[in-house]
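1. Need coordinates for the following:
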Amino acid sequence: MEGNRLMKHLMAVVISLGLFLSGRVVFCQEDETDTSVYIVTLKQAPAVHYVGEELELELESSSVLSHKESSGRLNKFNKPRNISRSDRRYSSYLNKVHDSLLRKVLKGENYLKLYSYHYLINGFAVLVTSQQAEKLSRRQQVANVILDFSVRTATTHTPEFLGLPVGAWVQEGGPELAGEGIVIGFIDTGIDPIHPSFSDEISEHTFPVPKHFSGICEVTSDFPSGSCNRKLIGARHFAASAITRGIFNASQDYASPFDGDGHGTHTASIAAGNHGIPVVVAGHSFGNASGMAPRSHISVYKALYKSFGGFAADVVAAIDQAAQDGVDVLSLSITPNRRPPGLATFFNPIDMALLSAVKAGIFVIQAAGNTGPSPRSVSSFSPWIFTVGAAAHDRVYSNSLILGNNVTIPGTGLASGTDNGTMHTLVSATHALNNRTTDMGNMYLGECQDPISLNKDLVQGNLLICSYSIRFVLGLSTIKQALETAKNLSAAGVVFYMDPFVIGFQINPTPMAMPGVIIPSPDDSKILMQYYNSSLERDGLSKKIVKFGAVASISGGLEANYSNTAPKVMYYSARGPDPQDAFLDNADILKPNLIAPGNFIWSAWSSLGADSVEFQA
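-> Residues are numbered from 1 along each chain as shown. Alright, predicted model coming up:
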């Protein structure tokens, strides 16, 4: 028994290695308005404090149980017996305590209670004015009142890289059994239940739902009956705080556990996706992928949404429910953008709920944050949370552009190369404008976003050069549209050069359905354009281009290369030491706890999230 328990904790650590490293979820402090959502925490203990202990509850004096009922449940010390997670008596009692407090303090005034938190923290979320919040904070039984804050979201070879096939997986019976019996709760953007990573028909072995789990699966038009199975065993959504603000967009956000973004599907498959799932992107095959604990079960608690992110009140409700359902591991791709005010960064409702979760035996893991590389940039503060930083992978996908003057320029892009290294003529979009184009000096034209503005006769069969400007970083222009333009004009391939104004932006290998390469370095981009411009032949009088003399070939970036460069902390991964407060005083706590592969990880994505920036290819 002790060995099994130790293995579960070890597997939980392994799961954490692949979890938050590609997530970019942060907190933002919400500006206070006349009426806002506040999270109120009471001093009285939550229900979880009474699980497994015999502590005195004065339930007999409440309306939850009659005196006759309660007296029959008390032991000889006049204390109730142990309360299980499925026992809702104390939760019901606290709910009535919350309602009674609000009625007394705000008698005759307007307010709206959104949630009652009972399991991990004793408190509630309520829509009130700042004056009403002040009244609540003055009550003796109130511990604190905090303004709700917004949240938003900033492996085919990975198991081998981590040694799982000859290590933890072997000890657990192989990938078919690794993680069996463990339930991972994901606080994220939901899940796409139709992805094969979450099917329960992959394995030939029986796949029972753990008896200790008591969660449910919401059924909506977006998440119909049958979405859950023996693999995906629970799914709920929380959006009360967002709805009260009038920003919930049902067409994009889905009032259901369905993932309209993609991030939640992504993180769930990294940690717990099935073993041996084919990876096909932009028509290219990249092998078979696996989650870190492929036999584990998934329960989803959607509290973040595509169009606006999310709010702490909804996140706390999700955490509270996950713990009450009986998850073994909690995965949160959420970190604060600003250090919480007060005596210590630890004292915020989310971290307090997670403290109770850890006390209840739940393993909690969180990202260090993507705000590096400056010191004290870590965004997972609390010592009871297992914090993971992002490290490099030993697998890289390299691409390159070979110029006609025998200069090779390194690049990126998950794309095929030109046939057998065939050299093709290079033609810049700015030099391929047709006669109907009016605003010739518009920077937008060089980004290859509009095929109508370009002359097909000049582009056909050649490599089209497009500018990667700040508009791509902002999402105003996309690689996807540039590829569509090149395809419509029958180009042999696409070459993106970096605009000099785009400084310090990291470009990940981007999938492309045709030969292509992105040159991420402004200096290398200058080398390309100097060669291109010096090879142009112009008419002596009109200065018009009469011949495009530059040629090049694309090597392609579909084959993985393996090196000894890992582990190496990624530049964007947040660093310690852990700040204790907003004044950057050291908390003397080791953060992050470890680093793990977090850059370019193959995993699932939502079928309706393909318009996200990550998929603009």
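2. Where does pLDDT dip in the stretch 1-150 of the chain?
-> 1-33, 51-88 (pLDDT under 70).
3. Could you rerun that using 80?
-> 1-33, 49-90 (pLDDT under 80).
4. So which residues of it form helices?
-> Ranges of helices in the stretch 1-150 of the chain, per DSSP state H, counting those that start in this stretch, are 2-17, 67-73, 89-105, 130-137.
5. now swap in the stretch 351-500 of the chain and tell me
-> With DSSP H, counting those that start in this stretch as the criterion, the stretch 351-500 of the chain has helices at 456-459, 470-473, 479-488.
6. among those helices, which is nearest His393?
-> Closest to His393 of the helices of the stretch 351-500 of the chain, according to CB to CB: helix 479-488, at 21.9 Å. In this view, the C-beta of every residue, glycine as well, is placed from N, C-alpha and C.
7. What are the buried residues along that closest one?
-> 479-480, 482-483, 485-486 (16 or more other CB atoms under 10 Å).
8. now stretch 271-284
-> Neighbour-count burial for stretch 271-284 [16+ other CB under 10 Å]: 271-275, 277, 281-282, 284.
9. For it, give the mean pLDDT please.
-> The pLDDT scores in stretch 271-284 average 81.
10. Stretch 325-342 now?
-> The average of the pLDDT scores along stretch 325-342 is 78.
11. cool, and stretch 296-313?
-> Across stretch 296-313, pLDDT averages out at 92.
12. try stretch 477-491
-> For stretch 477-491, mean pLDDT is 94.
13. Test my guess that Ser555 contacts Ile409.
-> No - using CB atoms under 8 Å, Ser555 makes no contact with Ile409, being 10.2 Å away.
14. Overlap in contacts, those two.
-> Shared contacts of Ser555 and Ile409 (CB atoms under 8 Å, 6 or more residues apart in numbering): 400-402.
15. so which of those is the most crowded?
-> Leu401 (28 neighbours; other CB atoms under 10 Å).
16. Neighbours of the spatially closest residue to that one that is not a sequence neighbour, how many?
-> Once flanking residues are discounted, Leu401 sits nearest to Ile409: 4.6 Å by CB to CB, 6 or more residues apart in numbering. By other CB under 10 Å, 21 other residues sit near Ile409.
17. Centre of the chain to the edge, which residue is at the far end?
-> Distance from the C-alpha centroid of the chain, by CA atoms, centre = their mean, peaks at Leu541 (57.5 Å).
18. And it, how far from Leu433?
-> Remark: distance between Leu541 and Leu433 (CB to CB, to the nearest Å) = 20 Å.
19. Closest one of the shared contacts of Ser555 and Ile409 to Val494?
-> The nearest member of these to Val494, counting by CB to CB, is Leu401 at 10.9 Å.
20. I'd guessed Phe501 sits against Ile470; true?
-> Yes - counting by CB under 8 Å, Phe501 touches Ile470, with 5.8 Å between them.
21. The protein - how does it break down into domains?
-> If you go by the TED database, the domain ranges for the chain are 33-49+85-147, 151-394+568-611, 397-562.
22. most tightly surrounded among those domains?
-> domain 151-394+568-611 (a mean of 21; mean count of other CB atoms under 10 Å).
23. Pipe the shared contacts of Ser555 and Ile409 into JSON lines and attach distance to Ser221 and pLDDT per row.
-> Below are the shared contacts of Ser555 and Ile409 laid out as JSON lines (distance: CB to CB, whole Å; pLDDT from 0 to 100):
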{"residue": "Ser400", "distance to Ser221": "48", "pLDDT": "94"}
{"residue": "Leu401", "distance to Ser221": "48", "pLDDT": "96"}
{"residue": "Ile402", "distance to Ser221": "53", "pLDDT": "96"}
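24. now those as a markdown table including distance to Tyr444?
-> Listed next are those as a markdown table, based on distance: CB to CB, whole Å:
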| residue | distance to Tyr444 |
| --- | --- |
| Ser400 | 28 |
| Leu401 | 24 |
| Ile402 | 29 |
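25. tell me the pLDDT at Ala367?
-> So, for Ala367, pLDDT stands at 82.
26. Please save the CA atoms from stretch 535-554 in CSV.
-> What follows is stretch 535-554, C-alpha atoms only, in CSV (Å, rounded to 0.1, in the frame of the first residue of the first chain):
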residue,chain,number,x,y,z
SER,A,535,20.7,40.3,-57.7
LEU,A,536,17.9,42.5,-59.2
GLU,A,537,18.4,43.7,-62.8
ARG,A,538,16.7,47.0,-63.6
ASP,A,539,16.2,49.0,-66.7
GLY,A,540,18.7,51.9,-66.9
LEU,A,541,16.1,54.5,-67.7
SER,A,542,12.8,53.5,-66.0
LYS,A,543,14.5,51.6,-63.1
LYS,A,544,11.9,48.9,-63.4
ILE,A,545,12.9,45.4,-62.6
VAL,A,546,13.6,43.4,-65.7
LYS,A,547,15.0,40.3,-64.1
PHE,A,548,14.8,38.6,-60.6
GLY,A,549,18.3,37.2,-60.3
ALA,A,550,18.3,35.7,-56.8
VAL,A,551,17.6,32.0,-56.4
ALA,A,552,17.3,29.8,-53.3
SER,A,553,16.0,26.4,-52.1
ILE,A,554,14.3,25.4,-48.8
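27. Alright, calling it a day.
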